[in-house]
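Q: My questions concern the predicted model and sequence given below.
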Amino acid sequence: MVDVSDKPVVFFISPEVAPFAKTGGLADVAGSLPSALHRLGVEVAVGLPLYRSIKEENLSLREKIPKLEVPLGEEVLPCKVLETKTAEGIPVYFFDREDLFDRPHLYGTPEGDYYDNFERFCFLSRAVLLFAKKVGFSFRIAHCHDWQTGLVPAYLRTVYHTDPFFVKTATVFTIHNLGYQGLFPKSKLAVSGIP
């Protein structure tokens, strides 16, 4: 079980968080806002993918869950969840699925976006919720950042809308750059498992 108090708990879910992974201002906000809330006495935690660039930093990571099974389309894909803490003691959870996140860049190469970005971040959105339920981390607010985590609120209102574990969970969705909207063909929606 994750050690949480009766204080409000905010789970920041972001595709990038400074100082761990950064391409722009999103990472700065997702890295600094949890710290600011923590200083105000709010219990916070952070979740993001375990990218190759993070692995190359040789951080001190502890295995939190050796195998978390995450539905994606017609498959169930396992991932590991690793944990570290910031200097302030904020828990940071990394979702490790090598074929999805162990790549040279976060979202694509100079030639263009990765062809499977929908699947990659659909997986992340589902994994963070399954992780929270598995370890009993009953956060009150899921603060989701940009299109990559946009399915978290959708999952909470569809797939998990009758799940008592998430009945008190609210969501905040922050758009950092309207130029990046995560537009995909309608045919991909079936991969999400959203009815």
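A: Good, I have the coordinates.
Q: tell me what the helix ranked longest in the chain is packed against?
A: Scanning the chain for the helix with the most residues, using DSSP state H, yields helix 117-135. In terms of contacts (3 or more Cβ pairs under 8 Å, 6 or more residues apart in numbering; DSSP states H and E), helix 117-135 is packed against strand 9-13, strand 43-49, strand 62-72, strand 75-85, strand 91-96, helix 98-101, helix 151-157, helix 189-192. C-betas here are computed from N, CA, C, even on glycine.
Q: For stretch 140-148, buried residues please.
A: Residues of stretch 140-148 classed as buried by neighbour count (16 or more other Cβ atoms under 10 Å): 141-148.
Q: ok, of these, which one's closest to residue 38?
A: residue 143 (13.1 Å; Cβ to Cβ).
Q: Does the closest one touch residue 169 like I think?
A: No. Residue 143 lies out of contact with residue 169 (Cβ atoms under 8 Å); the separation is 11.2 Å.
Q: measure residue 34 to residue 68 for me?
A: Relative to residue 68, residue 34 is positioned 22 Å away (Cβ to Cβ, to the nearest Å).
Q: repeat for residue 11
A: Taking Cβ to Cβ as the measure, residue 11 and residue 68 are separated by 15 Å.
Q: ok, these two, which is more surrounded?
A: For residue 11 and residue 68, the more surrounded residue by other Cβ atoms under 10 Å is residue 11, and the numbers stand at 27 against 21.
Q: What residues are bridge-paired with that one?
A: The bridge-partner assignment for residue 11, based on DSSP bridges, gives residue 45, residue 142.
Q: Retrieve the pLDDT associated with it.
A: We note a pLDDT of 97 for residue 11 in this prediction.
Q: please begin residue numbering at 204 from this point
A: Will do, 204 is the new start, and the previous item becomes residue 214.
Q: what residue ranges in the protein are flagged as low confidence?
A: Within the chain, the segments meeting pLDDT under 70 span 204-211.
Q: change it to 90
A: The chain contains residues with pLDDT under 90 at 204-211, 227-228, 261, 341, 379-386, 388, 390-392, 398.
Q: Neighbours of the residue nearest to residue 319 when sequence neighbours are not counted, how many?
A: Take residue 319 and drop its neighbours on the chain: the residue closest to it by Cβ to Cβ, 6 or more residues apart in numbering is residue 303, 7.5 Å away. Neighbour count for residue 303, taken as other Cβ under 10 Å: 24.
Q: Cross-check the contact I'm expecting between residue 303 and residue 320.
A: No. With contact defined as Cβ under 8 Å, residue 303 does not count as touching residue 320 (9.7 Å).
Q: Return the residues in contact with residue 248.
A: Shown in contact with residue 248 (Cβ atoms under 8 Å, 6 or more residues apart in numbering): 205, 212-215, 237, 293-296, 340, 342.
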